[in-house]
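J.: got a predicted structure here, sequence first:
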Amino acid sequence: MDWDDMKVFLAVARGESLSAAGRVLKMDPATVGRRVAKLEQGIDTALFAKSPQGYALTDAGQRLVAHAEAAEQAMAGAVEELQGQGAGLSGQIRIGAPDGCANFLLPQVCAAICDANPDLDIQIVALPRVFNLSKREADMAIGVSPPTAGRLLVQKITDYRLTLAAARNYLMAHPPILTPADLKGHRMVGYIPDMIFDKELDYLGDLGVDRVALASNSASVQFQWVRLGHGLGMVHDFAIPSARFVRRVLAGQISLTRSFYLIRHADDRRLERMSRFAEALTEGLRAEVARLEAPIGPEAT
């Protein structure tokens, strides 16, 4: 089998369409289709079931994926070895992350890694959902809970805290909040209930809040509402230093701890480049969370 055809096969398997594969490969979809047909003809086996919904793997295609991914890893390892392990990191690495982490932590951490490795390109994909690493949506992902299925490497990065908070102008314009019971009647900011993609993000549910007046599937949108004085919400402690007039509320009574996990392809343990990047990313995130979660001033009352 031709390795170039195998790369096309993997791109179609992961994207489930010729157009999606073409975007990844920078190739015309018609050319992608011809390459797939050539591969199928060469082995006299249908690898995809074609339909208006896209390209779904046949049983034979499913079996071939494992071999193709092993070959892909072998090729990447060979290139890495030839380039030398002592060299700086290079090439492109894509990270998937929930948008709170992507907005308030990863920019500075990734920029520092790039400063130390000028030939490295880092892409951050901020999406409020779980990433599918098997489809290569990202080279690695950061999650708020460890996955329990799939061939994955999972490493805890660090704990982080969330605190109930509001802008100073909101607190000045509304009745004082001295106990959790005082929250009744205040405008709450949080996630859209049916779009919470991980149980660890059900912050207000843990507090018994039954109504969210301003809701978004984005932690960053929620933080902007809080920052602009439109309501109370659970926010990342590491985000508060970026908003001068945001104050913690009932910090001694309401505080949550969650964790970030680094999730990688199991086969990437063989790639020294990916392991070095993962180590730098993990160390950088731990240091950045510790820096931003340092004491941030008095609790609002």
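T.: Nice, thanks for sending it over.

J.: ok, the most far-flung residue of the chain relative to its centre to Ala60 distance?
T.: Largest separation from the mean C-alpha position in the chain: Asp44, at 39.4 Å (C-alpha atoms, centre = their mean). Per C-beta to C-beta, to the nearest Å, Asp44 is found 10 Å from Ala60. Every residue, glycine included, has its C-beta placed from N, CA and C.

J.: could you do Leu262 as well?
T.: Leu262 is 34 Å from Ala60, where distance means C-beta to C-beta.

J.: these two - which one has more neighbours?
T.: Leu262 (22 against 13; other C-beta atoms under 10 Å).

J.: my read: the more buried one touches Val144, true?
T.: No. Contact criterion C-beta atoms under 8 Å: Leu262 and Val144 do not qualify, at 11.7 Å.

J.: so which strand or helix has Pro175?
T.: Under the criterion DSSP states H and E, no helix or strand holds Pro175.

J.: now the spatially most central residue of the chain, nearest residue through space, not along the chain?
T.: Centroid-nearest residue in the chain: Ala97, 1.6 Å away (criterion: C-alpha atoms, centre = their mean). In this structure, Ala97 finds its nearest non-sequential neighbour in Ile142, 4.2 Å apart by C-beta to C-beta, 6 or more residues apart in numbering.

J.: show me what the residue nearest to the centre of the chain bridges to in the sheet.
T.: Ala126 (DSSP bridges).

J.: residues contacting it?
T.: Ala97 is in contact with Leu106, Ile124, Val125, Ala126, Ala141, Ile142, counting by C-beta atoms under 8 Å, 6 or more residues apart in numbering.

J.: redo those as TSV? Include pLDDT.
T.: What follows is those, written out as TSV (pLDDT from 0 to 100):
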residue	pLDDT
Leu106	96
Ile124	94
Val125	90
Ala126	88
Ala141	91
Ile142	94
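
J.: can you show me the helices along the chain?
T.: With helices called from DSSP state H, the chain shows them at 3-15, 18-25, 29-43, 59-83, 99-104, 106-116, 168-173, 203-206, 219-227, 272-292.

J.: pipe those helices into CSV and attach distance to Ala243 per row.
T.: Output for the helices of the chain, formatted as CSV (distance: least, C-beta to C-beta, whole Å):
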stretch, distance to Ala243
helix 3-15, 39
helix 18-25, 37
helix 29-43, 45
helix 59-83, 41
helix 99-104, 10
helix 106-116, 16
helix 168-173, 10
helix 203-206, 18
helix 219-227, 4
helix 272-292, 12
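
J.: right, and those helices - which one's nearest Ser51?
T.: Ser51 lies closest to helix 18-25 among the helices of the chain, at 12.5 Å (C-beta to C-beta).

J.: show me which residues of that closest one are buried.
T.: Leu18, Ala20, Ala21, Gly22, Val24, Leu25 (16 or more other C-beta atoms under 10 Å).

J.: again, but for stretch 95-113
T.: Applying 16+ other C-beta under 10 Å to stretch 95-113 flags 95-106, 109-110, 113 as buried.

J.: Ala13: neighbour count?
T.: 24.

J.: for it, what are its contacts?
T.: Applying C-beta under 8 Å, 6+ apart to Ala13 gives the contacts Phe48, Tyr55, Leu57, Gly61, Val65, Ala68.

J.: go with 6 Å
T.: Neighbouring residues of Ala13 by C-beta atoms under 6 Å, 6 or more residues apart in numbering: Leu57, Val65.
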